[in-house]
Every structure is written in structure tokens, then in C-alpha cells.
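Asks: Fold the following.
(chains A and B)
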Protein chains: 2
Amino acid sequence: MKPIRPSLSSPATFARLGIAPRLTRPAAASCRRNLSVSRTLCAFQPLKPKTAIMSSSATTLKGQPLDKAVLDAMLRRRMFYTPSFEIYGGVGGLYDYGPPGCALQANIVDLWRKHFVLEEDMLEVDCTALTPHDVLKTSGHVDKFADWMCKDPKNGEILRADHFVEAILEARLKGDKEARGQKVEEKEVDPKKKKKAKSAAAVRLDDAVVKEYEEVLAKIDNYGGPELGELIRKYDLKNPETGVLPSEPVAFNLMFQTSIGPSSNLPGYLRPETAQGQFLNFAKLLEFNQSQMPFASASIGKSYRNEISPRAGLLRVREFLMAEIEHFVDPEGGKKHGRFHEVESIELVLLDRHTQLSGKTETKKMTIGRAVEGRVVDNETLGYFLARIHLFMEKIGVDLSKMRFRQHMANEMAHYATDCWDAELLTSSGWVECVGCADRSAYDLTVHAKKTGAPLVVRERLDEPKVVEEWQIDIQKKKFGPLFKKDAKAVETALEATSQGQREELAKELAETGKVVLEVEGVADGKAVIDKESVAIEFRKRVENTREFTPNVIEPSFGIGRILYSLIEHNFWTRASDGGDEARGVLSFPPPVAPTKVLLVPLSSNAQFKPTVRKLSQKLRSLGVSSRVDDSSASIGKRYSRNDELGTPLGITVDFQTLQDGTITLRDRDSTAQVRAEEDKILDAIRSLVDGSKNWAQIEAELPKFQGQEIDVAVR
Amino acid sequence: MKPIRPSLSSPATFARLGIAPRLTRPAAASCRRNLSVSRTLCAFQPLKPKTAIMSSSATTLKGQPLDKAVLDAMLRRRMFYTPSFEIYGGVGGLYDYGPPGCALQANIVDLWRKHFVLEEDMLEVDCTALTPHDVLKTSGHVDKFADWMCKDPKNGEILRADHFVEAILEARLKGDKEARGQKVEEKEVDPKKKKKAKSAAAVRLDDAVVKEYEEVLAKIDNYGGPELGELIRKYDLKNPETGVLPSEPVAFNLMFQTSIGPSSNLPGYLRPETAQGQFLNFAKLLEFNQSQMPFASASIGKSYRNEISPRAGLLRVREFLMAEIEHFVDPEGGKKHGRFHEVESIELVLLDRHTQLSGKTETKKMTIGRAVEGRVVDNETLGYFLARIHLFMEKIGVDLSKMRFRQHMANEMAHYATDCWDAELLTSSGWVECVGCADRSAYDLTVHAKKTGAPLVVRERLDEPKVVEEWQIDIQKKKFGPLFKKDAKAVETALEATSQGQREELAKELAETGKVVLEVEGVADGKAVIDKESVAIEFRKRVENTREFTPNVIEPSFGIGRILYSLIEHNFWTRASDGGDEARGVLSFPPPVAPTKVLLVPLSSNAQFKPTVRKLSQKLRSLGVSSRVDDSSASIGKRYSRNDELGTPLGITVDFQTLQDGTITLRDRDSTAQVRAEEDKILDAIRSLVDGSKNWAQIEAELPKFQGQEIDVAVR
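Replies: Numbering: from 1, shown residues only, chains lettered A, B, ... in the order given. Predicted coordinates:
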């Protein structure tokens, strides 16, 4: 009797091996594989520092060099976002959105819901963030959603192992370049890494060492903890802050843990992604959809990752808003999509796996139709969503010249994924992954079904019955029950979870020896001895009238905070480009995402303007157009300037002429040009500008130009 | 030298005493006070079981007796909400919203944002749910946001102490009534309590004992843990399940705890309310509002409470969506509100404190103008928000005959609150608190400012300078620094936090003895010895040009889940009232909150209907009207019936006549009446019904009636 591995009730193990349980565990190496998939369980992944580009190459909307300090100061001044709990000293990786950030976020989410959920009749759900341990154990997150961290034994500093190795080796290479008198590129990196990088001396290295370091850096994402520890010892990577070697790397799970209920015996986590809640509800959603396939669910909600070293800003945070779609599709028939023809001629900028493997970053422009035809993108459904993501980004005002779709390398993807593409946006921190779009195959539904016994499958009536020959298990309840007593259910589940190959082996062994040992998690000593009196395994014919399959999942997963931040950078510029004031920032958001659509400015705080302003404000509200009044004593120019920084696209001035003839002026944020007309005409113009049916050039052509008022615009 | 108490850097202690630090702590009794405020820190509080009414008295929208089982089955069938992680056995108090529940929630939130945030230019913020320990320590939640729980030593069952005492005493009173042959009312109570209540025998009690029990029950909310323990021993309250006395009650904090960052040394919690994030951002928000007062911030987000015994359903859950407003107002001048005149004639149903004290529940109908004038409601700002809450509830479709505003009793309120009213909705579980509207005074801003030193105040230029005589502290830096070294900052903060009364005492003692001992948290042995060389305290005149004050906060706090559930009950009825099928449920949501506005029904799944249906669907989308297509093979009546249960107000049928003459029919959910007209006219009608500018009676008068199709409506 040889024991059968792996333990059948451990789906995470199956996952590692490729869904179907196998009879033997690959001897070694599995550890490495296990480690290298850390985090890759979610399509939406943390930033890769290696994709950083030089900060100096970042530009504003008008092509000016982007001065990050100027932008940051403006975002802070206008309260787009702010460190949470700042009066208590703040907590790394936690940010609050102030009024304009909050409105911008709400508008992005609103457009997302219209573009995806309503347009495609997706089934939106709202699941809890609190998640019990068992669910995330099954999904693999408890075991694998981790980063490797070291501790400096001298000052107690916590270091992310891969970042640490990378920073020190890069610093040495930089020192080498300096020693060789070569030009050194200043990369935009984490402040912590920068500190370390700067502290390296200009020491020339052997050519062979340089080559070795470069190879290590190229493979940095592939190392597990033990290997990172080895590198630290081998290259004597001391923490420059203290001069000592950090401790051996240990796995640090990135989920926030808590305990649910009063008895403290139900451990739980805050979800690291919204996806699991959607998978667990699959059967109910399918029923809600009247059993029709394909269909998609969607969810918008907060997720949580306890980052070891969060960044300053919104790019690597510990609490963030996600919008995720799980599109369930029949794995047979090539994953076609019924609306693919609507998008097939859309051109995308692609950076495929092969290009990256050859060490290049040149992108190709290609229609999604051709990309799917040529199998650059795996299938129509995945391609359809890439195109839809492209259209969404365009709609909210992303600069398409700063967007690309990058395919994951084999080692970046979860092992079960068929294909995965990230929508990346170029910012001053380099290419930032803002949307992950992965084909998760049948992995999640399979592991949850195996663990719980819930039928997370689709049953389809076959037009023609099908004859199947297969290994079938018959349990002799009368013998089986008394044999295993309270474990009977677990043993039965384990037996039913066996693959055809396993059954064949089991049958052979049963026939030869009369019994067989099965590993079953949760039973005494983890093993069950099965005999041929209680279980029969035979190769038989069976007629099927229905086809049963586990759908595959295409998952577009959006990090709203990163999109929001990138959108800000893409729409930022300063009036310096008009020959105006360098410090006068502008955020040229398209009206649908702009936090406020119209600024109402009375010429002065004179009481006689108030009724007109109030009436206009009410009219705009009834048109569904958000507005704000600024009746402060600042000059008109200053008030407009403030609202340029808030991204308010339109401004109305009420002046003495308004009181005489009822005309008002309308100002365009981007050009600062103004028109003047009767109230009704201006309100019509606003409506068509906000709903996108007209642009400013059209309005300027229709209504009389106005010059005046904004004389003092340069005054701050 | 006598030590000065309390420790000056413990604001929670001040809070208990009433903000201003005092020289001595009230000897005893503070313990009881401390305990009775458990949970009352938040305006939005858990359900009071005592407000339960008989289930049998609940009615549907049409006045039919409400069959909760029928409603629950329907909500489950239509996936309004569903237990989270159900395939893993579920977790008490956690629910997911399915597609209709999620859309209903999104529509309620959308209307809330329009009604409150946009209408009043509130500053919406989005703060993190993860909150570090220090913040919630200061706010008082770490010490006081707790319930008392006992454990059954035999079976390990966890019991909420007050619920347990209540259940057993009620059961005994019930047994007594039975023994006396009196009629027993069947209350709707927690299943757990019901079980216990049922197990009591019909034993007649002494009249004196009955009176004693009744008195205990009337005061059940006032008991702390030790007193509940005493009651358990005194009345020998054994757990009917095991026949043993439960353990001594211990305080169980209701916050979910976790740890932030990799080093596990930053304990944190999931916020129990969204309010704290708004308070911490007060100074930035005031600046964003260009220092203008009054103003309000608002926040919509999830909060978390680890309930000891969550209910089945949405009424007592562990993760829930809140919408909270913090309106900051000058405490001087009677808390007037500039728009109070707009609402003063609105009539509200009020159940005031005095009526409740006299043991009655009769409500009074009164305009909010009269209520504020007669000081039934404390001030205009509080009154303004009560009226606005009333209007919001009306807008979303709450049955106003099932709504009342109940004033908190003195012992229900946090000690610092001036006044507090709950908007309660009548459901099959009795009166449910759905909105809490409290005057939180200056409590939160004061404690956070004291703890952090951040100036959470408003500074106003005085028209006339003011001369103030007061005790002032002068620190002689040269002596003070070397005397206290690293503790100097803490000692200085403690000194500056002293009240005028304390300063007078300190000055006296300094003059008499030359030194004085000050309790300072965080310094060696908690005490600092101050001498007159390093500190001078003198009574002097000072001219003030600005007035500085801490704003008071009026907080309307909405529990969205409870509102959503109550709204469902208020809008539910069955066709039985039309003489139709008892089991055919209808949810008569007003169009703005209905999950889907229009159902599109082709007569059959015949392919020739598809283009028309697709075109209609696109047109509705461009009008901003959400629709769904049901082209399943079920009869038209069955398809409409399904959507009546989903609350879809309108239905369009496409039939063979449509293909000939382009006319379509429009069906009204509530009356099932139909009209038929050309597409454009029907789309116009839909738009005006959805935006509320017309009602169905007007549409019926305008367009030709149609009879047909729905012959099979009774078929399910």
C-alpha cells in the first residue's frame, strides 16, 4: 500500500499542480513555484519598481516638464487627498479623499458603472470585506498572498527583501558606472530605496560581477525567500543605515487579520480583492440570470493589503477602492464574445510577452481584431474587455499617448492563468498598472466547489445524449458508514474528488491488494484505508443528457485610486505654457469626471448679486449639473484660478450688466475665453458641454465673445 | 504638595467629567456612569429589543397583514440580499447584496447625495475604515464602545448579558401570566431569546416579585456589567439550555481589532462610525471652505461592529453602510440655521422625552417651527435636519404613516450630547432606528485637539477688541528645558491644558511652597515637579482681537441597510388585495429608487423581435433610464410577475403589431394597466414617469389604453 498524495481536501495544493489532483507531488522545486506565485493570485497587482522611468521625462498635458513638487503642493492645497490621521502623525499607506478627490472618485465610479455594468447588463453585487479564514485558505491567499521581509537586527527596520536586494545591487552598479565615468540615470524610486542607492560609493566592479548583478536584477521577481537570503549572504548585502546584514527573509502575509464574533474562535481577514465574494455567489447569480451564459458579475468596494513599505501618495496604499468584473464564460468554443465585432477595429498599444522576453519595451499598435486573430491576445472575450477598457480610459480623460497594454510574463501570472494583460498608465513614477485583465481559468470556482461541495457549475441540456466511458466509484453505504463512522463524509468527498487517472490507479491497487490508502485531511493521522468490500471502482459506460462544466473567468480588475492619480497627472498643466504664471496650475478634466462642473462668481460680495446667483444655482441643480458659488472677497481672477486648480471646466460671472439686461458670461477653463448671452442660452450651452454633445469651439461660434473682468487673472 | 488629578493628557477622563479638566475626580459612581454610556458614543445605535411590537400588527402597503415568511422567501428568491459565505456555512451578521439589493442601495445613496450633499454644498470626504488605536482611544471607543457578555460555563454559549436577563425575566412574567390565565402577547424577538422565553414554565409569582421584575426590565438599559451580574445571582437566572448560571459579565469591545504594518506594533481597528475621520480633517475642511462657518462635511462608507448576537436579516449586522453628516456650527447665538424658514412649516410626528418618561408612546404631530419654538427640539439646526430627514424619507418612498421621530432619554444619550432624535420606521420587527440625529456638542473636536495639540478651532476677527483678565502661564525656557529635558514638551502641553481654576490653585501653591506636583502622562512615575524659577503663573489682562471657538457638531447619521430593509417592507404587498394570487408579491418602489426602471419584453424569443428590443434598450440607456430585457420563454404574465417582485415600475411589450406599425405598450406595475402608442410617445412618457414630473394617471389620460397580452398573468 502506498499512500496517495496530495491530500485530497487541500485545493490549494491542486491549484499549485494545475487543478486536477495528481497521484504524486513533484518531488522538490514545488517550494520555489509556491513562492514565486506569491501575490499573483490577484490580477490587480502591486507596482513593479523596475518599470520606473526617469522622473524628468514626465510631462504635463501641454508637454511641459512635469514638476512633481508643484503638482503635489497643489493637490495638497486643494485637498484632493490627504494623509489619514495626520494630526496623529499619520499612518503609512492610508489616505483620505477631500471634497474634490471624493467627487472625482465618485464620477469615475459612476462612469465605470454606466460603461460596464449598465451597458452590458452585468449583475452588480456588494459583498462584505470581512471574510472568514476558510474562504481565503481555499483561494490560496492564506498560504501565498505574501511578500518576503527581513529585519535589520541593529535598528529593527523592516525591509522588503526583494526591494532591499534590488536597491543595494542597483546602488553598486551605479557606483561602478560612476567609477567608470559613465552617465548615471536618476531613477524615480521609493524614497527608502533612493536613500540606500545614494549611499553606495563609486567603486569599480569586475565585468563578470556586473553581469552577474544584472542577471540577478532581471530575475528579481522570481526569487523566493530562501534565495533572497542566499543572495544577501553571497553578495554581503549590508544595510547601509547600520552596516549589518539583515535577518533571514520571512514570509509576511499581506492580509489584515481580525477575529469575527465574541468568542474569538472565528479568524477572519479583510479581503485583498473583491473577487472571492463574487465567486462564492456564482450559483445564485447564475440562477438570477435565469441560467443564461455567458454573464458577468461586478463589484465596487474597498480592499485591503498590509503593504510592508507603502509609498507616499496613492500608488501603493493599504486600503483602496477596486472595481472588479468577473465574466463567466464556457471554456469550450474558444471563448468567443457576442459583441466582439463592435470593438474589433479599435487600435490598442500592445507590449507583448515576446517583445519583453527579448529585453525590449517597444510597443505595437494593432487592432484588437488582428491581435486576437494572430493569438497575440488569447481569445475574443479577453480581447473584448481590453478594447472596452481602452474606451473607458478614453472616456474619463486619460491621455491615450500615455497608455499601453502590457502582457504578463509567464512568471508574473498565477500558474492557472491563461493570459493576462495590464492597462498601464505613464506617470512621473513610470508605467503604473491601473487595470489587470486576466483569464483566471476555472481555478476559483473549482477550488471552492471542491472544498464546500457546492455545485459551482453550469448544467446545459445536450441536444444529443452522449455516451461516456469512465471510472466510476460505487460506495457500499452499509459497509462504508460503519468503517469510517464520523469521517465517512470526508472520505467520500475525497474519493469523489479523485481524477480519472487516480481512480484507475486506485482500482488497480484495490484489485491487487484488496485495499488502498487514501490521504484525507481532517481524519485521524490523515489517512483512510479503503477496502473492496466498502468501495468498488469500475470502468463503465454512462449516458449523459446534460453537459456540466465549470465556467472560466475573465477578470478585468480596476484600481480606482491609481487611475484617479494618473488621470490627475495626465490632465495637469500650468499657465506657464500660455506665457502666464508658472505657479498657476490647471486640471483639464473632461466635464463628466470634473469634481464640480460650474463655478458661480458674483462680481463682488455685494448683496444685490445674491438672488441671481441663488436662482442660477437652483437651475443648474435641476439640470443635474453640480456647481459651487465663490462669493469670497478675492478678485475674480483669483477665484477662477483657484477653480482651475480644482478642475472646474466652466465659470459663470454675474456682474452689474446682468442686473440690467439678464445676460451672464460663461468662461472656458482651458482657453480662459468667455462668451456672453442671456441666461437661457448660457444654460443650454452648459448642458451640451457637460453631456458632451458640444465642445467649446462650437459654443464660441454660436455665442458672442466677451472680453473683460479677468484682467487680474495673474494676481494670486 | 498634593498631586493634581486627573492626569492632564487623558481626554477620555475629561470627557467623562464634562470636557473641562477638574481638580478632583468625583469619588465613586463614575464607574456606573462610565458603563451606562457604553455604545452611546455614536448617534446611530443598535436596535433596542424593547421597542419590538407584535409581528401580527405589521401590514403591507395595501394594509394586508404582512406575512414575513412570504416576504423573506421572495427577497431570497430575487436575490435582494443573501448571507455572505453561505456555501461555507455563512457568518452571523454578514450579508451580501445581490443585483436588485445592490441597485436599490446605489439609488438610495445617489438620492442621499443629491438631497444632502449637493443641495447644501456639503464637503464630502472618503476616509479610511482602518483606524489606529490612538484615535479611538481618544474618542472614547476603546474604553467604552462595549457590550456586557457572559459565558455559559457548561456549553460555552456566549450571551449578551442585558438580553439574557431580559429574556429570562420576560419568560418568567409570561409564565406568571399563563398561570394567572391571562392572555399572553407573542412578541417578535431574537430567535435566541424566543427559545429561552419559551422554555419557562407557567409558574405564578408573588405580586411584589412581578413588580420588581417589571421595574428591572424598565431600567434594563441602565445596568452595567457588575449590576447585571448581581441580577443574575439575585434572581438565580440560569440558562435554560444548561440549567447553570452564566459567568460574571465582562465588557466586550465591539470593534474589530487588527494590526497595521509589518512590525505588528501599530494596533488598529475597523471604524465603528465614519464620524472620526471627518473630525480629524476639520482644520483642512475649514480651510477648504475658505474659513466660512457654518459648514457640513459628509461621508458615505462602511462601518463595522462586532455584534455579540447579530440578528438574522439586515437589522443588526457586523458590516454596514453608513451615510453621516457632521454639521459644524458656532455654539453661540442659539445654533440658528439660515435655511430654517424653508422647512419650518413641515409637520413631523414626534415622540418626546417627557411622553416616554410618563410611560407612554403617544406621538404628537407638530410643525418643526413650533417644536423648536417650544424647545421640544433643542435648536434650529437640529430641527432643520429633522425636517430634511423627513423630506428625504418621503422622497425615497418610506410610508410616512410608519415613521416617527423619537427623542433619546437622558440615559440613552452620550453624556456630552445636548439633544438627540432618532428617525424610526415601523417594520415587522417593531420600530427600527434608521437615522440618529444628535447634537454632539464640541466633544470630539475638543478631545482630539487636547490629545494632539492640533488647533481644531475657528478663529473669527472681532469687530471690537475684547479685554480679558485671566491666569496666564509663563515658561522660563532656560530653566524649564534643562529641568525636564526630554519631557519638557509633555509637561508644557499639560500645563497649557490646565483650566483657569487649576491655574489659580497652582499659582497659590507655587507662591506658598515654591513648587507643585503635576500629573503628566508619559513622564517618569507620571509626575512632574514644577518650581517657581521655571514657571510663573499670574493673573493678568490681555487684549483679544480674534475670538476662538470650538464648533459644536450636529450629526445626522443614516444606517443605509436598515433604511433599505424598512423601505422594502413599506413598499411590499401582494396581488391578493386585487383578488389575485396571494403569492404574487409586488414591491411598489418609486421609480427613482427602483433597481431597474423598465422591463423590455418581446412577445416571444422569436428572432424578429430582437432588433427592436435592442434599439429600445439603447434609446433608454441614452435617456439615462436603466432597463433589462427578459426574452426567456416564460409567458409574458410570468415575466411581468417576476419583475413586480423586483420592483420594476414600468414594462414595455414588443409584439407583432410593433413590427407592423411601430407602436409599443407600456405597463404600470402597480395597476397592471397598459397604454399603447408610438415609440417616441412611450419614451417621453417613461422619461416623465422616471423623473417624477408625471404620474401614471396623467399618462393614462394622455395615451390610448391597451388591453391584451397579460391574460396569463396569474400563471406562475
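Asks: quick one: low-confidence ranges for chain A?
Replies: A:1-56, A:184-200, A:264, A:577-582, A:708-716 (pLDDT under 70).
Asks: Looking at it, which helix is longest?
Replies: helix A:161-179 (DSSP state H).
Asks: Report all helices and strands that it contacts.
Replies: strand A:146-151, helix A:191-198, helix A:207-218, helix A:225-234 (3 or more C-beta pairs under 8 Å, 6 or more residues apart in numbering or on different chains; DSSP states H and E). Quick note: C-beta positions are derived from backbone N, CA and C, even for glycine.
Asks: A strand includes A:Val435, no?
Replies: Yes. Counting by DSSP: H, G, I helix; E, B strand; the rest coil, A:Val435 is part of a strand.
Asks: Can you report how many residues neighbour the closest residue to it other than its chain neighbours?
Replies: Leaving out its chain neighbours, the residue that sits closest to A:Val435 by C-beta to C-beta, 6 or more residues apart in numbering or on different chains is A:Ala423, at 3.9 Å. Using other C-beta atoms under 10 Å in any protein chain shown, A:Ala423 is surrounded by 25 other residues.
Asks: list the contacts for A:Ala423?
Replies: Contacts for A:Ala423 (C-beta atoms under 8 Å, 6 or more residues apart in numbering or on different chains) come out as A:386, A:389-390, A:393, A:403-405, A:433-435, A:437.
Asks: gap between it and B:Val690?
Replies: 34 Å (C-beta to C-beta, to the nearest Å).
Asks: Using the three-state scheme, assign A:Arg667.
Replies: Under three-state DSSP, the three-state class of A:Arg667 is strand.
Asks: and it, how many neighbours?
Replies: 25.
Asks: do the same with A:Tyr88
Replies: 19.
Asks: Now for it: which residues touch it?
Replies: Contacts for A:Tyr88 (C-beta under 8 Å, 6+ apart) come out as B:132, B:134-135, B:280, B:451-452.
Asks: let's see it at 6 Å
Replies: Applying C-beta atoms under 6 Å, 6 or more residues apart in numbering or on different chains, we find A:Tyr88 in contact with B:134-135, B:452.
Asks: Between those residues, identify the one with the most neighbours.
Replies: B:Val135 (25 neighbours).
Asks: Who are the packing partners of the helix or strand hosting that one?
Replies: Element membership of B:Val135, judged by DSSP states H and E, is helix B:133-139. In terms of contacts (3 or more C-beta pairs under 6 Å, 6 or more residues apart in numbering or on different chains; DSSP states H and E), helix B:133-139 is packed against helix B:443-452.
Asks: which helices and strands does whichever helix or strand comes after the helix it packs on pack with?
Replies: Next helix or strand after helix B:443-452 toward the C-terminus (DSSP H and E): strand B:458-475. When contacts are defined as 3+ C-beta pairs under 6 Å, 6+ apart, strand B:458-475 packs onto helix B:500-513, strand B:535-549.
Asks: how does it look with 8 Å?
Replies: By 3+ C-beta pairs under 8 Å, 6+ apart, strand B:458-475 packs against helix B:488-496, helix B:500-513, strand B:535-549.
Asks: Point out the one among the ones you listed that comes closest to chain A.
Replies: Nearest of the helices and strands packed on strand B:458-475 to chain A, taken as C-beta to the nearest C-beta: helix B:488-496 at 13.9 Å.
Asks: Next, the contact list for the closest residue to A:Glu287 other than its chain neighbours, please.
Replies: Nearest non-adjacent residue to A:Glu287, counting by C-beta to C-beta, 6+ apart: B:Met79, 7.9 Å away. By C-beta under 8 Å, 6+ apart, B:Met79 lies in contact with A:284-285, A:287-288, B:98-101.
Asks: Can I have the buried ones of those residues as a ChimeraX selection?
Replies: Restricted to buried positions by 16 or more other C-beta atoms under 10 Å in any protein chain shown, the ChimeraX selection for those reads:
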select /A:284,285,288 /B:98,99,100,101
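Asks: For stretch A:369-389, list the C-alpha coordinates in PDB.
Replies: C-alpha atoms of stretch A:369-389 as PDB (Å, rounded to 0.1, in the frame of the first residue of the first chain):
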ATOM      1  CA  GLY A 369      -9.300  42.100 -34.100                       C
ATOM      2  CA  ARG A 370      -5.900  41.400 -35.600                       C
ATOM      3  CA  ALA A 371      -4.400  40.800 -32.100                       C
ATOM      4  CA  VAL A 372      -6.900  38.100 -31.400                       C
ATOM      5  CA  GLU A 373      -6.700  36.600 -34.900                       C
ATOM      6  CA  GLY A 374      -2.900  36.400 -34.500                       C
ATOM      7  CA  ARG A 375      -3.200  34.900 -31.000                       C
ATOM      8  CA  VAL A 376      -1.200  37.800 -29.500                       C
ATOM      9  CA  VAL A 377      -4.200  38.100 -27.200                       C
ATOM     10  CA  ASP A 378      -5.500  34.700 -26.200                       C
ATOM     11  CA  ASN A 379      -9.200  34.900 -27.000                       C
ATOM     12  CA  GLU A 380     -12.100  37.100 -28.100                       C
ATOM     13  CA  THR A 381     -13.600  37.700 -24.600                       C
ATOM     14  CA  LEU A 382     -10.200  38.800 -23.200                       C
ATOM     15  CA  GLY A 383      -9.800  41.000 -26.300                       C
ATOM     16  CA  TYR A 384     -13.300  42.400 -26.000                       C
ATOM     17  CA  PHE A 385     -12.500  43.600 -22.500                       C
ATOM     18  CA  LEU A 386      -9.100  45.100 -23.400                       C
ATOM     19  CA  ALA A 387     -10.900  47.200 -26.000                       C
ATOM     20  CA  ARG A 388     -13.700  48.200 -23.600                       C
ATOM     21  CA  ILE A 389     -11.000  49.200 -21.000                       C
END
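Asks: That concludes my questions; thank you for your assistance.
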